[in-house]
Each structure stands twice: as structure tokens, then as C-alpha cells.
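Novice: when you get a sec, could you give me coordinates for this:
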Amino acid sequence: MEQIIQYLSDNQQQFYVFILAVFVGIEVISKVPTVLHTPLMSGSNALSGVVIVGSILVLGKTDPGNYLALSLGFVAVLLATLNVVGGFAVTGRMLEMFKKKPAKK
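Specialist: Numbering: from 1, shown residues only. Model prediction:
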């Protein structure tokens, strides 16, 4: 428990920045019109791709005995992969809506 408290006190400024980023992100996203959510989501697929690559690199350099880091890295890879696949599926559906339907004979 003392290690956790020490870690939190050592990285206090980073936690403040993270909490502030969460509040700013919520405010920004809540102001975006509904029409723009899907294009923004397809743009975030690139960020999720970066998360996948980063988490794979971290997993590769993690000590095999550190089960917590390995578990968190695996969860990061899994969730980022799901985000990319879901984003591309939604983007594909969105693009299908804009295709012209064939004329009936």
C-alpha cells in the first residue's frame, strides 16, 4: 500500500493532467453534432492503430515474470483491436448509406 501511495505522490502532476484531459474531452465530445460522430470515429481508428503498435512493443520488452504488466498489455492490445475493427465496420456501414441504389426496371 505504501508503494502505491508513493507512486501516486511521485506522479501527482501527471494525474492532474490526466483528470483535466478527461474533463476537456467530455466537454469537447458533448459539443460535437451527431452528424460528425461517425467521421470522427473513423479518424480515431488511426489512433487505435498506434495504441496497438505501442502496446505490442511494450509487451515485447516486459519482464516475463511481471504478470500485471503482461495482463494490462494484453488487455490494451485486445481493446484497441476491437476498437479498430468496430470503427471500420461502422465506417463501412456509413459509406454504404451514401451509395446510390440501382434503378428498378
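Novice: what does stretch 15-30 rub up against?
Specialist: Leu8 (C-beta atoms under 8 Å, 6 or more residues apart in numbering). In short, each C-beta sits where N, CA and C put it, glycine included.
Novice: secondary structure class of Glu96, three-state.
Specialist: Assigned with DSSP: H, G, I helix; E, B strand; the rest coil, Glu96 falls in the helix class.
Novice: what of the one 5 residues further on?
Specialist: Classification of Lys101 by three-state DSSP places it in coil.
Novice: report how many residues lie close to it.
Specialist: Around Lys101 there are 5 other residues, counting by other C-beta atoms under 10 Å.
Novice: what do you get for Phe74?
Specialist: Neighbour count of Phe74, defined by other C-beta under 10 Å: 12.
Novice: can you tell me the element it falls in?
Specialist: Using DSSP states H and E, Phe74 sits within helix 67-97.
Novice: one more: Leu20?
Specialist: Going by DSSP H and E, Leu20 is in helix 12-30.
Novice: tell me the helices and strands packed up against the helix or strand following that helix.
Specialist: Following helix 12-30 in sequence order, the next helix or strand is helix 37-61 (DSSP H and E). Packing contacts for helix 37-61, counted by 3 or more C-beta pairs under 8 Å, 6 or more residues apart in numbering; DSSP states H and E, involve helix 67-97.
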